[in-house]
Structures are given as structure tokens and as C-alpha cells.
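Student: Need a 3D model of the following:
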Amino acid sequence: MAIDQAARVEKQKIKSRSKNTMDDMIEFVDYQDESQLECVTKLVVQDLSEPYSIFTYRYFLHRFPDLCIVAVDQSGDAIGCVVGKI
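Tutor: Alright, predicted model coming up:
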């Protein structure tokens, strides 16, 4: 439970920093539902050395949706994401 609270505090710090420095360029949003699964998968696969199955992403994103942040540009395209569980 303390880990979840720490993650929320860190997420809030990121949000406040983004508002101050990148006001209208990038918005950080929480993972909401399955409609974002494909973009998160594509973003993560770009930098991983080993592929994970869709079931791995689905497990973490459905179990811990509050630990996923998606960076969205002005056009609404996902340009980055963080999926973290300590």
C-alpha cells in the first residue's frame, strides 16, 4: 500500500513538472482501458531487448492501471509511456 502511495505522489510530481515546462505540448494521462493497450505495447516493444506477449501487458495494465502513465502529444498520439511496478 505504501508503494502505491509513493507511485501516486511521484506521478503527481511528474504532472506538476509537465504543466510548468511543457504546458501545451505534452499531456500525461493515466492508463484508462483496453483502447490504449495497443499504443502502450508498441511504445514499450520499441526499446525492449526481449518481446513480451500481449498477455503480460494485459495482466499488468489491468491489475495496476494506476501505475501506467501515457504521454500524449497535441494531436492525441501516444508518444511515450511508463509502466512500473516495484
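
Student: Going by C-alpha atoms from here, please, whenever you check contacts or count neighbours.
Tutor: Noted.

Student: Where does pLDDT dip in this protein?
Tutor: 1-24, 85-86 (pLDDT under 70).

Student: just the strands in it please.
Tutor: 26-30, 68-73, 78-83 (DSSP state E).

Student: Same list (those strands) but as a markdown table, adding mean neighbour count and distance to residue 52.
Tutor: Shown next, in a markdown table, are the strands of the chain (neighbours: other C-alpha atoms under 10 Å; distance: least, C-alpha to C-alpha, whole Å):
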| stretch | mean neighbour count | distance to residue 52 |
| --- | --- | --- |
| strand 26-30 | 18 | 22 |
| strand 68-73 | 19 | 17 |
| strand 78-83 | 17 | 13 |
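
Student: Helices along the chain, start to end?
Tutor: Listed in chain order, the helices of the chain (DSSP state H) span residues 2-21, 37-45, 54-63.

Student: Please tell me how far residue 75 sits from residue 52.
Tutor: Distance, residue 75 to residue 52, using C-alpha to C-alpha, to the nearest Å: 28 Å.

Student: How many residues are close by residue 53?
Tutor: 8 (other C-alpha atoms under 10 Å).

Student: cool, and residue 54?
Tutor: Residue 54, neighbours per other C-alpha under 10 Å, totals 11.

Student: What distance do you get for the residue nearest to it when sequence neighbours are not counted to residue 79?
Tutor: In space, residue 54 comes closest to residue 41 once its chain neighbours are excluded; the distance is 7.6 Å by C-alpha to C-alpha, 6 or more residues apart in numbering. To residue 79, residue 41 is 12 Å away according to C-alpha to C-alpha.

Student: If you tally nearby residues, what's the number for residue 45?
Tutor: 13.

Student: gap between it and residue 75?
Tutor: In terms of C-alpha to C-alpha, residue 45 sits 22 Å off from residue 75.

Student: what about the strands of the chain, which gets the closest to residue 57?
Tutor: Closest approach to residue 57 among these (C-alpha to C-alpha): strand 78-83, 9.2 Å.

Student: Lovely, talk soon.
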